[in-house]
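[1] Requesting a structural model of the entry that follows:
(2 chains)
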Protein chains: 2
Amino acid sequence: MLESLFTPKSVAVIGASKTPGKVGHDILANLIQGGFSGTIVPVNPTTDRVLDLPCYENLQSYGSPIDLSVIVVPKASVEAALKSSMDAGAKAVIVITAGFKETGLAGAQQEKRIVEMCKNRGVRMLGPNCLGLINTAHKLNVSFGGRMPASGNISIISQSGALCTAIIDLASMRRLGLAKVISVGNKGDISEVDLLLALAVDEHTRVIAGYLEDISSGDEFVKAAEVASAAKPVVILKSGTTAAGQRAASSHTGVLAGVDSAYGAAFKRSGVVRADTFEALFDYTTAFALQPLPKGNRLLIITNAGGPGTMAADAAEKAGLQVVSLASNLSVALKAKLPAAASIGNPIDVLGDADPERYVAALLAAQSDDAVDAILILLTPQAMTKPAETARAIAANLSGHKPVLAAFMGGQGVIPGHEELVAAGLPDYPSPERAVGALKAMCEYAAWRQRPPRIVTRFRVNRRRVERIITRRLQSCRYQLGEVKAKDILQAYDFRIPEGYLVTSTEEAMEAAERIGFPVAMKIVSPDIIHKTDMGGVRLNVSNKAGVRDAYDLMMLRIGQLAPKAVIEGVYLEKMLDRGLEVIIGMTRDPQFGPMLMFGLGGIFVEVMKDVTFYLAPITGDEAIQMLKSTRSYEILMGKRGQKGVDLAAIANGLQRISQLTTDFPQIAELDINPYIVGEVGTVPIVADARITLKPTDALCRLF
Amino acid sequence: MLESLFTPKSVAVIGASKTPGKVGHDILANLIQGGFSGTIVPVNPTTDRVLDLPCYENLQSYGSPIDLSVIVVPKASVEAALKSSMDAGAKAVIVITAGFKETGLAGAQQEKRIVEMCKNRGVRMLGPNCLGLINTAHKLNVSFGGRMPASGNISIISQSGALCTAIIDLASMRRLGLAKVISVGNKGDISEVDLLLALAVDEHTRVIAGYLEDISSGDEFVKAAEVASAAKPVVILKSGTTAAGQRAASSHTGVLAGVDSAYGAAFKRSGVVRADTFEALFDYTTAFALQPLPKGNRLLIITNAGGPGTMAADAAEKAGLQVVSLASNLSVALKAKLPAAASIGNPIDVLGDADPERYVAALLAAQSDDAVDAILILLTPQAMTKPAETARAIAANLSGHKPVLAAFMGGQGVIPGHEELVAAGLPDYPSPERAVGALKAMCEYAAWRQRPPRIVTRFRVNRRRVERIITRRLQSCRYQLGEVKAKDILQAYDFRIPEGYLVTSTEEAMEAAERIGFPVAMKIVSPDIIHKTDMGGVRLNVSNKAGVRDAYDLMMLRIGQLAPKAVIEGVYLEKMLDRGLEVIIGMTRDPQFGPMLMFGLGGIFVEVMKDVTFYLAPITGDEAIQMLKSTRSYEILMGKRGQKGVDLAAIANGLQRISQLTTDFPQIAELDINPYIVGEVGTVPIVADARITLKPTDALCRLF
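    Numbering: from 1, shown residues only, chains lettered A, B, ... in the order given. Next up, the predicted model:
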């Protein structure tokens, strides 16, 4: 797919320079020094030799076709260079030159032009404003990110050129080999989506690590990331998560959903392992690159000192891993090989004077225990400790069936150990907590891999009715759907709503109340009144006809005083609901990722605790249940202190139907069902209140 | 205080050995190589020279007095060595030998004997089962923890010998200088308390870093830590926090308070900076050792790349730091010195090709801005970056008035920069997040230093009444105080309780209800019934005499059926309370730290969200308010959505009165006021229900 980019036979460097320090020089030098075995074609009209290679005035004068063209000329000459590259048969180009979209409108227009030039001729472009790329397997280094890194199985996608350099640098220090390193720059053409798909099938890549600041297309990203994650781990550090999170939103769901929730939901759906810090990106990637995935989350710790062992056990417990002990037969056998003072619990303490043999005995026992999914080996330098020998002995005895991570603590004194470990393919961390963090990431990814197949249920609904309501509203440019209309729509999607009527006079109100049966609730219906209660627009538990008359008249009086300009559509009367547990379910449409569902326990749980979960629509039944489970208030749903739990499946069903509704109707921008009253198993939940906001579309609006 | 330990003129090594690798050899070798300028007296009956020094058969044959004796003999000979050391005038001893308390009961008894020997002669002992100690200023290395570290201003107390070695090792790699390193071992005599007090006044120590697994005396620890923290930062990594947290407890407060809450409360009170991980211990200590404290939490970030700048801003926002911009005049002046594309927001982006001058210009501007409390400098290696020169230039321009931290990202490529930074006294972190973590620790410590003076209010109360109730209960061996007695006690400490009476017949119940006025609440009183509601033992809102009669009779009938063996003391009738906000305040007595107060919002907030805070008693008014503020549900107390807030001062007052009650009466083991009903400002809160548990004391119990 991107062969000409990753494995070209011939590469032109347009703007090659003789002057060290200039980008056009450094890229050519890196390409030569990297050992590229194909043809290198430097182009520069002002000289005929660069770095011992013949240099051409232009590609015509070179005469033969090229596969990949790297453009390092000043911005004004980029278009010409691009054209000549394509004329010379280039199937891929890398535009290193900056000054495009990142500089403002004029630059964005220039970028659009070069992107279109490429699209018209079916040529793929990396950049502009990027650092280039490295493919170690092909000995291709067309970047100014430094020397060719050691080859290995980690591929990197970075939206920050600077970070790219730092990553290459750090990988070298940590002795991690790299497969491909791609600086995406402005993502004019090739984006993370193309690269995820390409790296998913790249035989040299075992882990994909990425640094992203934004995502070009949410929908395509989720699909591509899911494909890639199904093939190999994708670890992403996404920056810019907190500050930008404020958007105008009229629903609860919208207010609670920051930009970060959407990325969180997208990563969760697509199996992306999220790194919260730069170090975590490295830590997780290293573990995935070097070790097999765990089958479960049962961890055994081996240590030569109590303190670090406790620290590791603490960290594991906090991370939700199970700290387990050896099976008793293995434990007895191991005990015979260790000094009497050694502790065969978990952690297994091989004591301060442990030699490599003791570590190996413990490791072999742990590896052969089926009830152990992962092993963490700690070493603290003490008088008799031999870090390097211990590392070698551990490395020589790895079975490769379950992940083994190490934390050799300390500095200079243990560095020989560090180097042996990494060289042997054993990830080594500076502290127990960091190692546990990496193991947790492995367990979560392994669990995602084992998820059930995604089957989205389609419910039979009255889609045409919703279509009619929405179209009529859009035509009259009324985008806020209050309780009455929102309930109409929800009823069409098989939600149960209390019996109710919109009335416009005292008499109608009394009639309707009798039809419904007492007690009733009465609520003002007006597009201009958002906080009905504050305006005296809500009366609950009205128990007889006289009460209905009084309430109706008083409501009109008060609203007339407090909001004289409000348009009043009437009063909505409905059956008073039995008390139950109040939850909120809703949807907000993320500009990147589309409809995003929310679930939370009602009232203060949502408002104060922000105890809500998000998931991208469309959602499966299993995912809906996961949404409930991942709130902190889940135990309330399950029933506390002898109270019966609520019907979880019914809530999940409601979430799935909102998922279907908002997937069917992209015109719905936001939706809240709040509260959604749920009861014991077998009870159908009821929509007590709801609100829907449509997306304004000038095309339909007939407001003349 | 510990002069003979830290700065002896003469040191005996009893058990000095010729054999490299033996502890008796290594300690002597370390002492000699460390450059100790006093007299060294090796003692070993089997040889007359060790490591080129004359070796003595015993201290008598040496003949002169010694200051410090280091004992490295087999356990059986420790007592004799100790005696001869004291006879030779040693004022301090270090017992390296292991095999004492850590091995079981016999060892504990032996340890007790040697501790008593020391106490009887006024000699201080470090150990047994320790690594020894290092005092760089005195060129004293009587440890087997490795070579003498570089001298500096960080002192270390470690309860794990292994970790001690790792710390020294890592400090050397990070080029951090150390003042004193003390391995406390079993803490037979000298504990963290002695050392905190000694290091508090040690002129060579600027920061105290500690690794602790347990604390010898909670009370003394808090006092010593407070003294030390008032003088200099104390950073402690406490391990063993999660697993052990389960204790039997009968109160809500007790159930919610794990061991970790107690340590958390103790650290908060005493100003100890808590490190949650081994890396954090180092990160924080480095910042404190090298940089001044910030005056506030306003942070300015300088970077040469957008990505890391965003990462730093994200981390700062999450950590509760304010990310601020330069004052406008400084911003204009700086803009003139930087290229047009540079961004003078926050972060200040000096661009990818930044030279040292640009960094310096930004640093000087930030240092001269009074609205900036702390500065974070990020550098990512790019084509033109000069890490070492930049580091030197930054270091040369530090004003020393506000903390400046750095994160030079990457590996080999930026290492010259790392070294320059640390050598120049600028803490350098591998990632923006780690640097922000250290800054947060600095801000929190600085805020603690600026706390108001601790003045504990004494309230006028009826102490004698409580004394009588408690004594009577202890004498009759009844340790659980139910609602009625608990309310009696609380009323004596000026808590408002609803008017109520204990009745024992239907007639009494009706009379009492009339006296109180309707509606009333009725609750069964029985030491055998904990969950009254489940037993039909609670009736609320009883609105007339007939209702009281029916409720009384039905209650007796039900309890008779459901709990036929329960001893019934009667029924408690009280005035129904107006609704208000329910909070819980309580106390549990920690075995280490004594009375620990708890505050939380009632009901589900406590039970499900565990949204509670703890503080050690006695508490000040200011601290009580801090307890309220540090719950997540604080905004509910403040009033949500147009509702009025509650009387915060009144809740704080309740906490202070519980503090006084439980400090006055150590017999009280646990206490819950749940719910404590609070209202708007000016409303006196009411104790709706309460429970007290006394500590069983055989001495008073007259159960024959």
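[2] Next secondary structure element downstream of the helix-or-strand element of chain A with minimal mean pLDDT?
    Ranked by mean pLDDT, DSSP states H and E, the weakest helix or strand in chain A is helix A:252-256, scoring a mean of 65. Tracing the chain past helix A:252-256, the next element assigned as helix or strand by DSSP states H and E is helix A:259-270.
[3] Could you give the average pLDDT over that following helix?
    Mean pLDDT, helix A:259-270: 88.
[4] for stretch A:206-226, same thing?
    92.
[5] same thing with stretch A:438-450?
    pLDDT averaged over stretch A:438-450 gives 96.
[6] you'd agree residue A:539 is up against residue A:556?
    No. Contact status for residue A:539 versus residue A:556: not in contact, 12.0 Å apart, counting by C-beta atoms under 8 Å. (Each C-beta comes from the backbone N, C-alpha and C, glycine too.)
[7] These two: which has the busier surroundings?
    residue A:539 (21 against 17; other C-beta atoms under 10 Å in any protein chain shown).
[8] Check the secondary structure at the more buried one for me.
    Secondary structure, DSSP: H, G, I helix; E, B strand; the rest coil: residue A:539 is strand.
[9] List the beta-bridge partners for it.
    Judged by DSSP bridges, the bridge partners of residue A:539 are residue A:522.
[10] tell me the pLDDT at it?
    For residue A:539, the predicted pLDDT is 89.
[11] how near is it to residue B:134?
    Distance, residue A:539 to residue B:134, by C-beta to C-beta, to the nearest Å: 78 Å.
[12] what does residue A:659 give?
    Residue A:659 sits 64 Å away from residue B:134, taking C-beta to C-beta as the criterion.
[13] Residue A:452 too?
    From residue A:452 to residue B:134 the distance is 58 Å (C-beta to C-beta).
[14] Among the two, which residue is more densely surrounded?
    residue B:134 (30 against 9).
[15] which SS class is the more buried one?
    strand.
[16] Tell me if I'm right that it and residue B:178 touch.
    Yes. Look at residue B:134 against residue B:178 with C-beta under 8 Å: they come within range, at 7.1 Å.
[17] overlap in contacts of these two?
    Residues touching both residue B:134 and residue B:178 (C-beta atoms under 8 Å, 6 or more residues apart in numbering or on different chains) are B:149, B:168.
[18] Could you list the low-confidence segments of the stretch 451-600 of chain A?
    For the stretch 451-600 of chain A, not a single residue meets the criterion pLDDT under 70.
[19] interface residues of it facing chain B?
    residue A:534 (C-beta under 8 Å from any C-beta of the partner chain).
[20] can you pull out the helices in the stretch 451-600 of chain A?
    A:463-475, A:483-492, A:506-516, A:545-562 (DSSP state H, counting those that start in this stretch).
[21] Could you look over these and pick the most buried one?
    The highest mean neighbour count among these, using mean count of other C-beta atoms under 10 Å in any protein chain shown, belongs to helix A:483-492: a mean of 20.
[22] Dump that one to CSV, restricted to CA.
    Provided in CSV are the C-alpha atoms of helix A:483-492 (Å, rounded to 0.1, in the frame of the first residue of the first chain):
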residue,chain,number,x,y,z
GLU,A,483,-40.1,17.0,27.2
VAL,A,484,-43.2,16.4,25.1
LYS,A,485,-41.6,16.0,21.7
ALA,A,486,-38.6,14.2,23.1
LYS,A,487,-40.9,11.6,24.7
ASP,A,488,-42.8,11.2,21.4
ILE,A,489,-39.5,10.3,19.7
LEU,A,490,-38.4,8.0,22.5
GLN,A,491,-41.8,6.3,22.5
ALA,A,492,-41.4,5.5,18.8
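[23] quick one, strands of the stretch 51-200 of chain A?
    A:53-54, A:68-71, A:92-95, A:124-126, A:132-135, A:140-143, A:151-158, A:178-183 (DSSP state E, counting those that start in this stretch).
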